[in-house]
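Trainee: Mind looking at a prediction? Sequence and model below.
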Amino acid sequence: MSASPPDAEALLAALAAQMRGRLAPDAALVGIYTGGVWVAERLHRALGLAPALGTLAVTLHRDDFGRIGLHREARRSLIPFPVDGREVVLVDDVLFTGRTIRAALNELFDFGRPRAVRLAVLADRGGRELPVAADFVGARVDVAPDEELVLSNDDGALRLAARKRPA
């Protein structure tokens, strides 16, 4: 990556602006652990949505589960609203291959059948391996093939960084 990643806080504001007025009145946000939950928490406040925020742990639905195993911090999905017939917006930090989103859809449908599922991401780095596209995107970010784009949460301030992928 030649330039530094964009400001995550500015992307968050742009994402909220894109979403405002484009969601059903009873739409619910569901953040994907970990970075997607941080983004969803902030979007939920900014958009003032009535349904409580949901969270998804997708580890058990990942197609690389056998290789990577469980996350060191075991997490559970929590969907505190009825999914059936509702517009649900999945929220993630970085969209890359599309495999996390596929796993999230599998987990979400374990809770019911939504009327529609939308996708909001802070950053889209390209490189899709599955036919997945976000409805709402903070920014498209160019990242070198040997790098990963990582979101961190420093006392509530979100930051994006590109770093070399572990070998």
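Mentor: Here it is on my side, so go on. Residues are numbered from 1 along each chain as shown.
Trainee: rest of the way, CA atoms for contacts and neighbours
Mentor: Will do.
Trainee: So residue 134 is in contact with residue 121, correct?
Mentor: Yes: between residue 134 and residue 121 there is a contact at 6.7 Å, judged by CA atoms under 8 Å.
Trainee: Neighbour count for these two, which is higher?
Mentor: Here residue 134 and residue 121 are set side by side on neighbour count (other CA atoms under 10 Å), and the busier one is residue 121, at 26 against 18.
Trainee: mind checking which helix or strand the more buried one is in?
Mentor: Taking DSSP states H and E as the criterion, residue 121 maps to strand 116-124.
Trainee: Who does that strand pair with, and is each partner parallel or antiparallel?
Mentor: As defined by DSSP bridges, the strand partners of strand 116-124 come to strand 87-95 (parallel), strand 136-140 (parallel).
Trainee: Centre of the chain to the shortest one, how far?
Mentor: Right, strand 136-140. 11 Å (CA atoms, centre = their mean, to the nearest Å).
Trainee: Over to the longest one?
Mentor: Centroid separation between strand 87-95 and its chain, computed with CA atoms, centre = their mean, is 4 Å.
Trainee: tally of neighbours for residue 29?
Mentor: Neighbour number of residue 29 under other CA under 10 Å is 27.
Trainee: Could you shift the numbering so residue one becomes 700, and keep it that way?
Mentor: Will do, 700 is the new start, and the previous item becomes residue 728.
Trainee: for it, what are its contacts?
Mentor: Taking CA atoms under 8 Å, 6 or more residues apart in numbering, we find residue 728 in contact with 739, 743, 751, 752, 753, 787, 788, 789, 790.
Trainee: Kindly provide the distance from the nearest residue to residue 832 once chain neighbours are set aside to residue 728.
Mentor: Spatial nearest neighbour of residue 832, chain neighbours left out: residue 818 (7.6 Å); criterion: CA to CA, 6 or more residues apart in numbering. In this view, residue 818 and residue 728 are 10 Å apart by CA to CA, to the nearest Å.
Trainee: Common neighbours of these two, please.
Mentor: 788, 789, 790.
Trainee: Pretty sure the last one sits against residue 732.
Mentor: Pointing back at residue 790 there. No: taking contacts as CA under 8 Å, residue 790 lies outside contact range of residue 732: 9.3 Å.
Trainee: of these two, who's got more company?
Mentor: The residue with more neighbours, out of residue 790 and residue 732, is residue 790; 32 against 22, by other CA under 10 Å.
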